[in-house]
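[1] I would like to see how this sequence folds:
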Amino acid sequence: MLKIAMLSTGEEVLHGDIVDTNASWLSELFFQQGFPLTKRSTVGDTFNGLVEELLMLSFNCDVVVVNGGLGPTSDDLSTEAAAAAAEVELELSPLWLERLQQFFASRNMSMPESNRKQAMLPVGATLIDNPIGTACGFKMQINDCLFYFTPGVPSEFKRMVNEQIVPDLQRTYINVEGLDCAKIYTFGTSESGLSDKLDKLQLPQGYQLGYRSYLPYIEVKLFGPKGDLDTRLKLMQLIFKLIEPNVVSIDQPMASHVGQLISERKLSISLAERSTNGSLANWLHSNPQAREYCGHGWVLGGKVNVGDNDADILAETLALAGATQDKCVTDIAIVSGRLVDNSFAVAVATPEGEWGQVLTFNRRFTPEDQQTLITTVCADMLRRYLSNKPMFANYSSLKREKEIHVPSRLLG
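    Model (predicted):
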């Protein structure tokens, strides 16, 4: 089995000033392509530290992707460290120097002298093109290990990996088979809850499950051999049946799925937000299909009175949903009610009637996370209505205190 590692460089990555999204992205991509990482490491912007780490990886790995440290400033040391580890000199790449000069000339600028550093490569290295930036990548051997050096800018890094590094690996290691990945997005459950239901599955050889947890979703991933569509579909159906109450979308984010449902039903939507501070409107408007059917709406501040603030929050939220639907002349109105003592109300008004519920957080969340969860509950009620599914679901982090359905025939 190939031993493949990724080395992330930079003090800002090492000390947590920025999140290393490049590493998580590469890990997932390489796994799907049949090149799973066996190690990930991070080192700061020190020359000796970089050289030491490069040598250690060269003795223990077959392939290493190095990310970052190819810029024009004094703390960008990856190229010099690579040359030192391989015990070779740096030499000017006339090809990349010309590209740099053209890059700046096209912007009516003179190339700063500091950028000349980016055209200096270790002797024997093979240039890896960067179509959208000033830092070229390069490929070279250090001891018996193949190294790919890449810039840290995510857009440049991802394009370089997709267009050049993955194809080069596939040409070099022709017997490696990639994997297909199918995803089921869930909301309102836990990893342990999902695992308890899915561990009983007997997966065929070559298939495995993975999980990715991030508020408010947990992704269930099914990895399997490329091209085995029939088996993958059968397994996805089995998985879906086991966890269906908490599934919000398949092979696409929830917002994309809800956007499709809105577009298919062609129903207009209005909003009134008290506890979500506009995040529900942002969630809907982020999807082009949903945006087309969004009508008017309001974001109501804490000092805005809607009836009696001592009134039942469910009754208040239902009344606001009906009024919003009426005043905005839309098919559907969605309302996030007040957050009171860790409880909140949400309601949906539709042509068939109104649904509302009061939920309480059963553990501590930051205000930002509370807002995210309330927004997602509102979106889930909309999804359930558009999909003709039961409107009230059980969520692991929330306790439902009240629920009500008022059919349209009972509304005045």
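[2] now the helices: where do they sit in the protein?
    Under the criterion DSSP state H, helices of the chain are mapped to 11-14, 21-32, 47-60, 78-86, 94-105, 154-160, 166-172, 191-198, 229-243, 254-265, 279-285, 288-291, 313-328, 367-386.
[3] Report all helices and strands that the fourth one contacts.
    The elements that helix 78-86 packs onto, with contact taken as 3 or more CB pairs under 8 Å, 6 or more residues apart in numbering; DSSP states H and E, are helix 47-60, strand 90-92, strand 120-122, strand 137-142, strand 145-150. In short, each C-beta sits where N, CA and C put it, glycine included.
[4] Could I get the buried residue list for the second one?
    Same thing as strand 90-92. Buried residues in strand 90-92, defined by neighbour count with 16 or more other CB atoms under 10 Å: residue 90.
[5] Residues contacting it, please?
    Strand 90-92 has contacts (CB atoms under 8 Å, 6 or more residues apart in numbering) with 79, 80, 83, 119, 120, 121, 122, 123.
[6] Could you identify the buried members of the residues you listed?
    79, 80, 83, 119, 120, 121, 122.
[7] Tabulate the residues you listed (JSON lines), appending pLDDT.
    Below are these laid out as JSON lines (pLDDT from 0 to 100):
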{"residue": "79", "pLDDT": "98"}
{"residue": "80", "pLDDT": "98"}
{"residue": "83", "pLDDT": "98"}
{"residue": "119", "pLDDT": "97"}
{"residue": "120", "pLDDT": "97"}
{"residue": "121", "pLDDT": "98"}
{"residue": "122", "pLDDT": "98"}
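[8] returning to what we had before: if you compare the helices of the chain, which one is most tucked away?
    Each of those was scored by mean neighbour count; the highest is helix 78-86, a mean of 23, by mean count of other CB atoms under 10 Å.
[9] Measure how that helix sits relative to helix 47-60, angle-wise.
    Interaxial angle of helix 78-86 relative to helix 47-60 (axes from the mean of the first three to the mean of the last three CA atoms, to 10 degrees): 60 degrees.
[10] tell me the angle of helix 78-86 relative to strand 145-150?
    Using the same axes, to 10 degrees: helix 78-86 against strand 145-150 is 170 degrees.
[11] From the chain's centroid, how far away is helix 78-86?
    Here helix 78-86 is found 33 Å from its chain centre; the criterion is CA atoms, centre = their mean, to the nearest Å.
[12] Now do that helix and strand 137-142, the angle between them.
    10 degrees.
[13] Mind listing residues that contact helix 78-86?
    Under CB under 8 Å, 6+ apart, the answer for helix 78-86 is 9, 47, 50-51, 54-55, 58, 66, 68-70, 89-90, 117, 120-125, 138, 140-142, 147, 149.
[14] same thing with stretch 38-52?
    1, 3-11, 13-15, 20, 23, 27, 53, 57, 60-61, 69, 75-78, 80-81, 84-85.
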